[in-house]
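K.L.:
Build me a structure from this.
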Amino acid sequence: MLAGCFSMSLSSNLGKAGFTPEHIHTSAQVTIELVDGKNRITRIQLDTEAKVPGIKNDQFQQIAEFAKQNCPVSVALSNVPTTLTARLVA
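P.N.:
Okay, here's the model as predicted:
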């Protein structure tokens, strides 16, 4: 759910910045651990790659980080540490 929400948010924010992504693929690796005898999500790793003509890597990283912080599912899971690896592909 988070990967899809992030991808939609990233696409939308890229569009607002004047870029048209040709491809976005995101996966989320969720770590579940036993905390006080209960299974809890303790960490999420988002990995995304995108083909976005005309964008510079620093612009892409800023937009990807904004999407990570502001997509609705990220907001709902804000108490879970989430890291992001974002790559541009040719």
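K.L.:
Could you point out which residue ranges in the protein have low pLDDT?
P.N.:
Counting by pLDDT under 70, the chain shows no low-confidence range.
K.L.:
And for it, the residue most distant from the center?
P.N.:
Distance to the chain centre peaks in the chain at G37, reaching 29.7 Å (criterion: C-alpha atoms, centre = their mean).
K.L.:
Phi, psi for it please.
P.N.:
phi 80, psi 10 (degrees, to the nearest 10).
K.L.:
Okay, strands next: where are they in this structure?
P.N.:
Ranges of strands within the chain are 23-35, 38-51, 82-88, based on DSSP state E.
K.L.:
Nearest to I63, out of these?
P.N.:
For the strands of the chain, the distance to I63 is smallest for strand 82-88, at 8.8 Å, taking C-beta to C-beta. For the C-beta atoms, the positions are set from N, CA and C on the backbone; glycine is no exception.
K.L.:
Quick check: which helices or strands does the closest one pack against?
P.N.:
Counting contacts by 3 or more C-beta pairs under 8 Å, 6 or more residues apart in numbering; DSSP states H and E, strand 82-88 is packed against strand 38-51, helix 57-70.
K.L.:
Using TSV, please lay out the strands of the chain together with mean neighbour count and distance to L14.
P.N.:
Listed next are these as TSV, based on neighbours: other C-beta atoms under 10 Å; distance: least, C-beta to C-beta, whole Å:
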stretch	mean neighbour count	distance to L14
strand 23-35	13	8
strand 38-51	15	8
strand 82-88	15	11
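K.L.:
Near the nearest residue to Q59 once chain neighbours are set aside, how many other residues are there?
P.N.:
Nearest residue to Q59, sequence neighbours excluded (C-beta to C-beta, 6 or more residues apart in numbering): A17, at 7.1 Å. Using other C-beta atoms under 10 Å, A17 has 14 neighbouring residues.
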